Every structure is written in C-alpha cells, then in structure tokens.
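>>> Here is my input; please provide its structure:
(one chain, ligands or ions: 2)
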Amino acid sequence: MNMTEFPAYRGAMEYVCLGCGARHAGDELLYTCPQCGGVFLLENTRFSALKEHDGAYWRAIFDERAATRVTALRGIFRYYELLAPILEPEDIVYLGEGITPIIEAAPALRDSVGIDFAYKNDGQNPSASFKDRGMACAFSYLKSLVRKHGWKDVLTVCASTGDTSAAAALYASYVGAPLKSVVLLPHGKVTPQQLSQPLGSGATVLELPGVFDDCMKVVEYLADKYRVALLNSKNSWRILGQESYAYEVAQWYGWDVSNLCIFVPVGNAGNITAVMSGFLKMYDLGIITRLPRVFGVQSEHADPVYRYYAAPKASRHWQPVQVSPSVAQAAMIGNPVSFPRVAMLAEKFIAIGGEKAFQVVQVTEQQIMDAMIAANRKGHIACTQGGECLAGLMNAKALGLIASHEHAVLDATAHALKFSGFQDMYFSNTFPPEYTVQPDTSLANRPELLLSADKKQSLDAQAYTECAAEAIVAKLGLAKK
Ligand SMILES: *Cc1c(COP(=O)(O)O)cnc(C)c1O
Ligand SMILES: [Zn+2]
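Numbering: from 1, shown residues only. Ligands and ions are numbered 1, 2, ... in the order given. This next block holds a predicted model:
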C-alpha cells in the first residue's frame, strides 16, 4: 500500500443515543435523539474490520502518514480510519489544524511544580484554540452533505463562550457558499480578541444578555424547530474531530501512554469526552496496550462535574450549577451538554484502567491565575484554561493523586493572547471582586514611558536618539564597552 495515498477503507457511521440506546444512520445531521432527547456519540459499525490488522500495523500507518503530502491527511485526518471514514478527500477541509506541538515544561517551572509535565499547545491551531479540531470534522461532514443533497443555503449556528464561534466562523468563511455562519454570544462574556474573530471572518454576530448556558438553550430551540446546522458539541461530528488530540499525544510519546496523566479543563465537557473516546478506540485496536490516566479540571466557580464525582459513588446525582464569573471563561458552564457522554466513557475508562484512571479535581480562581502567570513567565503560552490545568496538576500532587514517576500532559486549550485581558487585570490589580483573585503585585509588569512627547518635539532626530538611549542607559545602569 502506498501510504501517501488516500485510504480506500470506508466505515459506516451511526448515531448511538446515550439515553435510550436508539441508533440512527449517520447520513443525515442529527443532534439529539428524536425518541428521548438524549445526546449521541457516533459509532463506526465497520470498526471491527480495522481489527483485521494489529496495533503495530496502525502505528506504522500513522507514523508514515506524518510525512504525507496529501493535504486531506495532513491534519486531524492523519487518523482518518479512527475519525469519520465516510468522508471523501474532496470533502475534507484543512486549515492547518491539529498536530500541535507538545512542549516539555521549562526546567525551572518543572522543578517548582515537582512533577515532569508538558503542555500540548492547542492554542497553535488556526483560530487559536482546540475547537478547530472539531470544526474541521464537522465542516468536512457538512461539505459532504452539501455535495450529496445539492443544498443551496445552509445556516450554521452556535452558542459560544468565545472559541467555538471563532472556529465556526473561520471554517464557514473558508468553505463559503452555500454555508453561512451565525454565532450567538453572551454579551460581555467573551474576550475582545474572541469577539474580533467571528467579526473578522464575516459571520453574523448576535449577542444576548446572560451567560453561555442561556445562549445554548436558545440555539437548541432554533435547531429543534428551524432549518439550521448546529455547531455546538451536541453535534457529535465535532467530538470525532477532537479525538485527534488523544491520537497525537499517543503518537508523540511513541504509542506508550501508560505513564501519562492527561489534564483537561472541563466546560461543556465535549473535549474530555473526545479525549477519553480517542484513547479507548486506540486501546480497542491494540494501538496502545494501556490507558493513560485522565484528570478533568474545574474551577470552583463552575464545577458541576467535579461535584458529581466528589460524592461517594452510591449517592452521586447529576445537578447543574449556577456559575459565577471565572477567569477560565471558556469553561464557565454550569450545565455541560456532554455530561452523559463523560459519565458513560468514565465508566469504561475505570473498568479498564482501574478506579484512578479517571478523576476530576477542583481549583480556585486564584490558583488558575497564579498558575497561568507562572507558566507564561517561564516561556509557555497558556491561556487561563491552560493555567487551570497546571493548577489542577498542582492540586493533584498536593492530594497525592499523582506519583513522581508519572508524566503529565496539560491541555493549553487556547492561545494566551485570547485571554490577555485577565493578565492585564492581574498586573494592574483590577479584578472585580466577584473573581476573588488577589494578584501577587511583585509580578506586576507594566510598560514604562521613558520620555514625554514634548521632549521628542523639542529635539532633532539625532539628539532625540541620543537622549532616548541615555535614558535607557540610566535606567538599566549599562556599562560602556
Ligand atoms: C471550549 C473551551 C474549553 C472547554 O471545553 P469543553 O469541551 O467545553 O469542555 C476550555 N478551554 C478553551 C480555551 C475552550 O475554548
Ligand atoms: Zn434516545
């Protein structure tokens, strides 16, 4: 087989309802079960055909594909057979998503934390968050539907804490007609950078007062009653795309993940769903022979999943929470849509990997900010959710949940630049009280204006250069050569 060619294998995708077990053919777009309203996961009913080959075969295929020049296989679809193997190469939208770098912690940071760890920089995706992985798959699937049906108009909609809308708008604008993008945002609850993204991509940007959970209900209502394509993670094609994160981690560590602890911030819980699902698929095919351990991380300002798992097993019951303002704004969700997916997959994970294979830790807002600042002062590019992961690792260590021989992989889910407003608040000590963050003012880093505009006016160009240079010499105490 020529590894650089597009694979001939095709699967058959079915939606499986996690509520009642009903199955629906994957050849149309469905979000929730028509029978019971439950959420779906997609299943390839020809998955067992992949088992005709052993794990070594698949590892070799994916390793060889790392060098492919076939555009459709360069991103998340390097793992085509594990994602949505019903797509044709012409359907696949590739904007450079996936295959993000894994950066070992700077030595000084690692030593202060006391555990070996790395960040996987998913902020280095095209719209600067991991959401691009899911969108690449969802939009490729949409393209295949458009090709099949000859649709003339497709309105894509999503509610967003900022990054879903940035990704959806980017992919919709690239694909173009007949797709059009509409995004619904909670007014004042996304960062200016995140707001600029769908605006720049030409999407219709609508805002409502309230939080993400309110907007989610509105788009669900629309998707139930009107002809729109929903791009929230209720759309299970997104989950498939996001599984690529797990495949990449396994491949990077030479397909041995037995010593790894994977930390994932949990908001709507789509990402942790995808991560667990991905590792389970690889395990099923013998691509990996042990599971890693997975740690969900939640802020105490939005922690329904933590609360569920903190209760003793017999008395667990699902209860959405009212969120309060969180610096991990992209995960500030009180009623995660994917909770039933997490519950189901966590059980599978624990059945194979043992009681400690899946856990959820809680962090404070203060810990999130302190961790993000600490990481970025040591050369990382973590967003607040990436800070949340590091805070989660530190708490896991303090609680004795992680051993010193283990290696943690933290999801830096977005680029630091998207959340720089929180860094500004930290440095200028201007957090509104509801965030409950008290900055370490010794870390405050602010620009310093050396000369006045009047001074510049009063000098010619040469004199100005000398005067400015001398101001710097005085400031830094530079020694002459
Ligand atoms: C969406 C998002 C999250 C939360 O992921 P879920 O899949 O909703 O749990 C975390 N961090 C960032 C940067 C995000 O955009
Ligand atoms: Zn159902």
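>>> in what helix or strand does residue 138 lie?
helix 131-149 (DSSP states H and E).
>>> May I have that helix exported as CSV, CA atoms only?
This file holds the C-alpha atoms of helix 131-149, laid out as CSV (Å, rounded to 0.1, in the frame of the first residue of the first chain):
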residue,chain,number,x,y,z
LYS,A,131,-12.1,23.9,18.8
ASP,A,132,-10.6,23.8,15.3
ARG,A,133,-10.2,20.1,15.6
GLY,A,134,-13.9,19.6,16.0
MET,A,135,-14.8,22.2,13.4
ALA,A,136,-12.6,20.6,10.8
CYS,A,137,-14.5,17.4,11.1
ALA,A,138,-18.0,19.0,11.4
PHE,A,139,-17.4,21.2,8.4
SER,A,140,-16.0,18.3,6.3
TYR,A,141,-19.1,16.3,7.1
LEU,A,142,-21.3,19.4,6.3
LYS,A,143,-19.5,19.7,2.9
SER,A,144,-20.2,16.0,2.2
LEU,A,145,-23.9,16.6,2.9
VAL,A,146,-24.0,19.7,0.7
ARG,A,147,-22.3,17.6,-2.1
LYS,A,148,-24.9,14.8,-1.7
HIS,A,149,-28.0,17.0,-1.4
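>>> residue ranges for the strands of the stretch 151-300 of the chain, please.
Ranges of strands in the stretch 151-300 of the chain, per DSSP state E, counting those that start in this stretch, are 154-159, 179-186, 204-208, 229-230, 260-265, 293-299.
>>> Enumerate residues external to the third one that contact any of its residues.
This means strand 204-208. Contacts to strand 204-208, defined as C-beta atoms under 8 Å, 6 or more residues apart in numbering, come from residues 165, 180-187, 195, 198-199, 214-215, 218. In this view, the C-beta of every residue, glycine as well, is placed from N, C-alpha and C.
>>> Next, the buried residues of that strand.
By neighbour count on 16 or more other C-beta atoms under 10 Å, the buried set for strand 204-208 is residue 205.
>>> right, and residue 319 touches residue 307 too?
Yes: with contacts counted by C-beta atoms under 8 Å, residue 319 reaches residue 307, the gap being 6.9 Å.
>>> Compare those two and say which one has the larger neighbour count.
In this view residue 319 and residue 307 are compared by other C-beta atoms under 10 Å, and residue 307 has more residues nearby, 18 against 11.
>>> Could you identify the helix or strand that succeeds whichever strand or helix holds that one?
Residue 307 is part of helix 304-310 when elements are defined by DSSP H and E. Note on helix 304-310: by DSSP H and E, the next helix or strand toward the C-terminus is helix 339-353.
>>> Okay, angle between that next one and strand 293-299 too, please.
150 degrees (axes from the mean of the first three to the mean of the last three C-alpha atoms, to 10 degrees).
>>> Run the chain-centre distance for helix 339-353.
Put simply, helix 339-353 sits 19 Å off its chain's centre (C-alpha atoms, centre = their mean, to the nearest Å).
>>> before we move on, the earlier item: the helix holding residue 138 and ligand 1, are they touching?
Yes: contact between helix 131-149 and ligand 1, assessed by C-beta under 6 Å from any ligand atom, occurs at residue 131.
>>> re the thing from before, reformat the strands of the stretch 151-300 of the chain as CSV; add mean pLDDT and distance to ligand 2.
What follows is these, written out as CSV (pLDDT from 0 to 100; distance: least, C-beta to the ion, whole Å):
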stretch, mean pLDDT, distance to ligand 2
strand 154-159, 96, 22
strand 179-186, 96, 26
strand 204-208, 98, 29
strand 229-230, 96, 17
strand 260-265, 98, 26
strand 293-299, 98, 25
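>>> Out of these, flag the one nearest ligand 1.
strand 260-265 (4.5 Å; C-beta to the nearest ligand atom).
>>> now the angle from the closest one to strand 293-299?
20 degrees.
>>> Count the neighbours of residue 467 for me.
Neighbours of residue 467 using other C-beta under 10 Å come to 15.
>>> What separation do you get for the closest residue to residue 276 other than its chain neighbours and residue 264?
Spatial nearest neighbour of residue 276, chain neighbours left out: residue 345 (4.2 Å); criterion: C-beta to C-beta, 6 or more residues apart in numbering. Per C-beta to C-beta, to the nearest Å, residue 345 is found 12 Å from residue 264.
>>> cool, and residue 454?
Look at residue 454 and residue 264: by C-beta to C-beta, they are 53 Å apart.
>>> More neighbours: which of the two?
Set residue 454 next to residue 264 and count neighbours by other C-beta under 10 Å: residue 264 wins out with 28 against 8.
>>> Map the structural domains onto the sequence of the protein.
Domains of the chain are assigned by automatic domain parsing as 102-126+242-442, 449-481.
>>> ranking those domains by burial, who's on top?
Using mean count of other C-beta atoms under 10 Å, the stretch among the domains of the chain with the largest mean neighbour count is domain 102-126+242-442, at a mean of 20.
>>> That one near ligand 1 anywhere?
Yes: contact of domain 102-126+242-442 with ligand 1 (C-beta under 6 Å from any ligand atom) involves 265-271, 330-331, 383, 385, 413-414.
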